[in-house]
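Chemist: show me the folded form of this:
(one chain, ligands or ions: 2)
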Amino acid sequence: MSFDSLGLPVSLVEAVKAQGYEKPSPIQEQAIPAVIAGKDVMAAAQTGTGKTAGFTLPLLAKLEKGPRAKPNQVRALILTPTRELAAQVQASVQKYGQNMPLRSMVVYGGVKINPQMQNLRRGVDILVATPGRLLDLYQQNAVRFQQLEVLVLDEADRMLDMGFIHDIKKILKVLPPKRQNLLFSATFSNEIRTLAKGLVNNPVEISVTPRNTTVEKIEQVLYEVDKTKKTALLSELIVENKWQQVLVFVKTKHGANRLVKNLEARGIRSAAIHGNKSQGARTKALAQFKESQIKVLVATDIAARGIDIDQLPNVVNFDLPHVSEDYVHRIGRTGRAGNEGLAVSLVCQEEFKLLKDIERFIKKVVPRRVQPGFEPGEPLQPSVLDTREKKIKKPKVAKPANRAGGNKKPRGVRNNFVGG
Ligand code: ADP
Ligand code: MG
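Modeler: Numbers count the residues shown, from 1 in each chain. Ligands and ions are numbered 1, 2, ... in the order given. Below is the predicted model of the structure:
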């Protein structure tokens, strides 16, 4: 399959070829024709599978036809959970649509609202927005939706994780009911399906499952280590292995700041990226990381989600994630586009339960190492692979007295493996 056969105008086909894309990714192959045909689409595919172009290209193709946006009107609205993602999506819109007479704009919070209000006056064909700022702008009459043709929810699962459901519902209420809806997500969780029910009509469902191939290309190891020695171990691993660009995941914003401080104190240039950082600080950290001015970028899951950094050689889980799927998202940041990647987890005894869940989820036991000098005082229990499928979690109900723990009945097989 080539880009020529998807129904895209020549100018867009040329624009993607100029990007060096040789053929559409599986998600693009399926999503592009469906969007052009005017269908509602629900698509799930893992991070890094080209979802952005999957909706941006057909969106540009559609909007090229039809009347331009009138003052303060928007023809296509793309909602994303974070500022970084909004900026990235907008960059893609501009890149692919550079030869088209369409106006696009990005709005997010944390920066002045007045310039945004001014720019919206002329009307925009494509508006990329985070939910909170969009609502602010709407309440101030800076944006109107009478001309709205298409709504895109990008990274919908992350939007729900971040608690945007109420904002999304408020936004849906002010959009014209007759419109095309596109929902893109890394997974189809039950929450996503519930959201989709009130959103998409008779959608084309697309689910791409490259999970195993992607994950299998990534070398995974874990170091057993005491919790208090993690920072020292990380800095030794960075120096000893001459890692040049490391994305480190931590659980909390506070933990991210602390780790950066400690690494800097050891002479390792680092920066943190998380929700409490100003927009300027985040953009700067990301740029410095990409340009190799800093070696280590410490991120929380939410801040890191969806940020595209090409050919990342090393990913480190300083803390294991509490949601097993996040492990796959995290390590998926390395080894992209056929490059080899190494994903290292620093695991202490307290995290054994999380490790067990992750290994069950990825259906493999992560090989273990102990760095000389960092032998854990409290050893990690050995892993035994649990091959049972993960079950859907039902809301807790009072247990009948005669059913002991450990005798839980299977309650339907979970089908939202990452990418699937
Ligand atoms: P997702 O939203 O699924 O996480 P992105 O849309 O951010 O993924 O794309 C990930 C990377 O893949 C980007 O660097 C993008 O430029 C690149 N990419 C997208 N489509 C293609 C393609 N057809 N061929 C090669 N690279 C692609
Ligand atoms: Mg994306």
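
Chemist: could you verify that Q371 is part of a helix?
Modeler: No - using DSSP: H, G, I helix; E, B strand; the rest coil, the assignment for Q371 is coil, not a helix.

Chemist: from ligand 1, how far off is it?
Modeler: 33 Å (C-beta to the nearest ligand atom, to the nearest Å). Backbone N, C-alpha and C define where each C-beta goes, glycine included.

Chemist: phi and psi next, for that residue.
Modeler: Note on Q371: backbone dihedrals following degrees, to the nearest 10 are phi -80, psi 130.

Chemist: just checking, it touches L233?
Modeler: Yes - here Q371 reaches L233: they are 5.8 Å apart, a contact under C-beta atoms under 8 Å.

Chemist: looking at these two, which is more packed in?
Modeler: Between Q371 and L233, L233 has the larger neighbour count (other C-beta atoms under 10 Å), namely 20 against 16.

Chemist: element containing the more buried one, please.
Modeler: In the assignment (DSSP states H and E), L233 maps to helix 230-240.

Chemist: who touches both of Q371 and L233?
Modeler: Shared contacts of Q371 and L233, defined by C-beta atoms under 8 Å, 6 or more residues apart in numbering, are found at Y223, V225.

Chemist: in the protein, where is pLDDT below threshold?
Modeler: Residue ranges of the chain with pLDDT under 70: 209-217, 305-311, 335-339, 387-420.

Chemist: can you list the residues of it near ligand 1?
Modeler: With C-beta under 6 Å from any ligand atom as the criterion, the chain meets ligand 1 at residues 21, 24-25, 28, 45, 47-53, 306, 308.

Chemist: pull whichever strand or helix holds V328 out as PDB, backbone CA atoms only.
Modeler: For V328, the host element (DSSP H and E) is helix 324-331. Output of helix 324-331 as PDB, limited to C-alpha atoms (Å, rounded to 0.1, in the frame of the first residue of the first chain):
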ATOM      1  CA  SER A 324       1.200  -2.100  33.700                       C
ATOM      2  CA  GLU A 325       0.300  -0.600  30.400                       C
ATOM      3  CA  ASP A 326       2.400   2.400  31.200                       C
ATOM      4  CA  TYR A 327       5.400   0.200  31.300                       C
ATOM      5  CA  VAL A 328       4.900  -0.700  27.700                       C
ATOM      6  CA  HIS A 329       4.300   3.000  26.800                       C
ATOM      7  CA  ARG A 330       7.400   4.000  28.600                       C
ATOM      8  CA  ILE A 331       9.700   1.400  27.000                       C
END
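
Chemist: which strands and helices sit next to that helix?
Modeler: helix 211-216, helix 301-304, strand 314-317, strand 341-347, helix 352-362 (3 or more C-beta pairs under 8 Å, 6 or more residues apart in numbering; DSSP states H and E).

Chemist: neighbours of L183, how many?
Modeler: For L183, using other C-beta under 10 Å, the count is 25.

Chemist: and A196, by the same measure?
Modeler: Neighbour tally, A196, other C-beta under 10 Å: 19.

Chemist: is it true that it touches L182?
Modeler: No - contact criterion C-beta under 8 Å: A196 and L182 do not qualify, at 10.9 Å.

Chemist: so which of the residues of the chain next to ligand 1 is the closest to S345?
Modeler: Nearest to S345, judged by C-beta to C-beta, of the residues of the chain next to ligand 1 is T47 at 18.1 Å.

Chemist: might one say that that closest one is in contact with R330?
Modeler: No - counting by C-beta under 8 Å, T47 does not reach R330; the two are 9.4 Å apart.

Chemist: distance between stretch 228-235 and the chain's centre?
Modeler: On the basis of C-alpha atoms, centre = their mean, to the nearest Å, stretch 228-235 sits 27 Å off its chain's mean C-alpha point.

Chemist: and that stretch, what's buried?
Modeler: Buried residues in stretch 228-235, counted by 16 or more other C-beta atoms under 10 Å: K229, K230, T231, A232, L233, L234, S235.

Chemist: do the same with stretch 379-387
Modeler: L380, S383.

Chemist: now do the contacts for E219.
Modeler: Counting by C-beta under 8 Å, 6+ apart, E219 has contacts G335, E340, G341, L342, A343.

Chemist: burial count for I171?
Modeler: Applying other C-beta under 10 Å, we find 20 other residues in the vicinity of I171.

Chemist: related to what we said a few turns ago, ok, of the contacts of E219, which one's closest to ligand 2?
Modeler: Within these, the smallest distance to ligand 2 is 17.5 Å, found for G335 (C-beta to the ion).

Chemist: contacting residues around the helix holding V328?
Modeler: For helix 324-331, contacts defined as C-beta under 8 Å, 6+ apart pick out 46-47, 186-187, 211, 215, 218, 220, 249, 301, 304-305, 315, 317, 320-321, 341, 343, 357-358, 360-362, 390, 418.

Chemist: does any part of it sit near ligand 2?
Modeler: No - Helix 324-331 is not in contact with ligand 2 by C-beta under 5 Å from the ion; minimum separation 11.2 Å.

Chemist: that helix: how far from the chain's middle?
Modeler: Distance, centroid of helix 324-331 to centroid of chain: 10 Å (C-alpha atoms, centre = their mean).

Chemist: by how many degrees do it and helix 352-362 diverge?
Modeler: Interaxial angle of helix 324-331 relative to helix 352-362 (axes from the mean of the first three to the mean of the last three C-alpha atoms, to 10 degrees): 80 degrees.

Chemist: all further residue positions should be reported with the first residue as 4.
Modeler: With the count now opening at 4, the last piece we talked about shows up as helix 327-334.

Chemist: give me the buried positions along helix 327-334.
Modeler: S327, E328, D329, Y330, V331, H332, R333, I334.

Chemist: turn those into JSON lines, columns for distance to L300.
Modeler: Converted to JSON lines, the buried residues of helix 327-334 look like this (distance: C-beta to C-beta, whole Å):
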{"residue": "S327", "distance to L300": "23"}
{"residue": "E328", "distance to L300": "21"}
{"residue": "D329", "distance to L300": "17"}
{"residue": "Y330", "distance to L300": "18"}
{"residue": "V331", "distance to L300": "19"}
{"residue": "H332", "distance to L300": "16"}
{"residue": "R333", "distance to L300": "13"}
{"residue": "I334", "distance to L300": "15"}
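
Chemist: closest to ligand 2 out of those residues?
Modeler: Out of those, the member with the shortest distance to ligand 2 (by C-beta to the ion) is H332, at 11.2 Å.

Chemist: for the stretch 154-303 of the chain, what spans make up the strands?
Modeler: Shown for the stretch 154-303 of the chain, the strands assigned by DSSP state E, counting those that start in this stretch span residues 183-188, 207-210, 221-227, 249-252, 273-276, 299-302.

Chemist: alright, I will stop here.
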